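In: just coords:
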């Protein structure tokens with residue numbers, strides 16, 4: 001592991017993000033996301049994709065991933081929600097195939113690497129686990145993409161992002177808050193980096209949303 005302080009990590013991640021964004025393979029899908037995603041997607045938009053790219057770099061750098069691993073992770077992050085260009089539900093397979101097609105056209109990646117990127121994207125799908133849904137990483141690098149995808153659980157913009165998701169889904173605020181509490185309470189990070197960098201804020205967010213749910217419950221009873 002190659003632990004750095006937060007400011008150094010952030011600076012390095014931003015520099016790398018700018019580098020990867022300029023790659024034609026990534027630049028093109030980001031352009032399409034910006035131009036073609038429906039405006040009704042208040043959360044799953046270009047901004048979210050860029051945040052996942054940045055967060056995956058922060059986590060990967062913290063845990064000392066290799067340069068090539070970071071590159072594969074960045075491509076998967078850039079494409080992970082590209083399926084929304086076609087449909088909203090069950091779009092991970094579409095995103096994976098868009099990535100595979102672009103990678104094969106570029107002819108600079110081994111088939112094994114292409115399949116790693118494909119699997120990372122597929123692993124972002126929410127899978128039913130009892131009454132709730134969760135993401136299940138099937139390969140090591142997926143752990144970083146999944147933690148980056150849900151990193152808002154452990155950030156101070158958690159409530160802002162949650163509201164964007166609620167608006168996108170058109171859910172009742174009180175009910176959605178209760179569902180969100182269940183999700184964040186049962187959520188576990190997959191990487192040492194996320195546990196180190198995002199767990200403390202996640203606990204703060206859990207405490208805040210518990211208070212909010214309790215207030216709503218009292219209001220309903222009164």
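Out: Sure thing, it's come through. Quick caveat: nothing in here was measured; it's all calculated off a predicted structure.

In: ok, and what's touching the helix or strand of the chain with the lowest mean pLDDT?
Out: When each helix and strand of the chain is scored by mean pLDDT, DSSP states H and E, strand 132-134 comes last, with a mean of 83. Here strand 132-134 makes contact (Cβ atoms under 8 Å, 6 or more residues apart in numbering) with 126-127, 182-183, 186-187. All C-beta atoms are positioned from the backbone trio N, CA, C, and that covers glycine.

In: tell me which residue is most central in the protein.
Out: With distances taken as Cα atoms, centre = their mean, the chain has residue 149 as the residue nearest its mean C-alpha position (1.2 Å).

In: my guess is it meets residue 124, correct?
Out: Yes: applying Cβ atoms under 8 Å, one finds residue 149 in contact with residue 124, separated by 5.7 Å.

In: where do the helices of the protein begin and end?
Out: 6-21, 24-36, 46-62, 67-79, 92-106, 111-122, 140-149, 158-169, 173-186, 192-221 (DSSP state H).

In: can you tell me which of those helices is most buried?
Out: Across these, the average number of neighbours (mean count of other Cβ atoms under 10 Å) peaks for helix 140-149, which reaches a mean of 24.

In: angle of that helix against helix 111-122?
Out: Helix 140-149 runs at 30 degrees relative to helix 111-122, counting by axes from the mean of the first three to the mean of the last three Cα atoms, to 10 degrees.

In: who are the packing partners of helix 140-149?
Out: Applying 3 or more Cβ pairs under 8 Å, 6 or more residues apart in numbering; DSSP states H and E, one finds that helix 140-149 contacts helix 46-62, helix 67-79, helix 111-122, helix 192-221.

In: mind putting those helices into CSV with mean pLDDT and distance to residue 137?
Out: As requested, the helices and strands packed on helix 140-149 are exported to CSV (pLDDT from 0 to 100; distance: least, Cβ to Cβ, whole Å):
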stretch, mean pLDDT, distance to residue 137
helix 46-62, 99, 13
helix 67-79, 99, 12
helix 111-122, 99, 8
helix 192-221, 94, 12
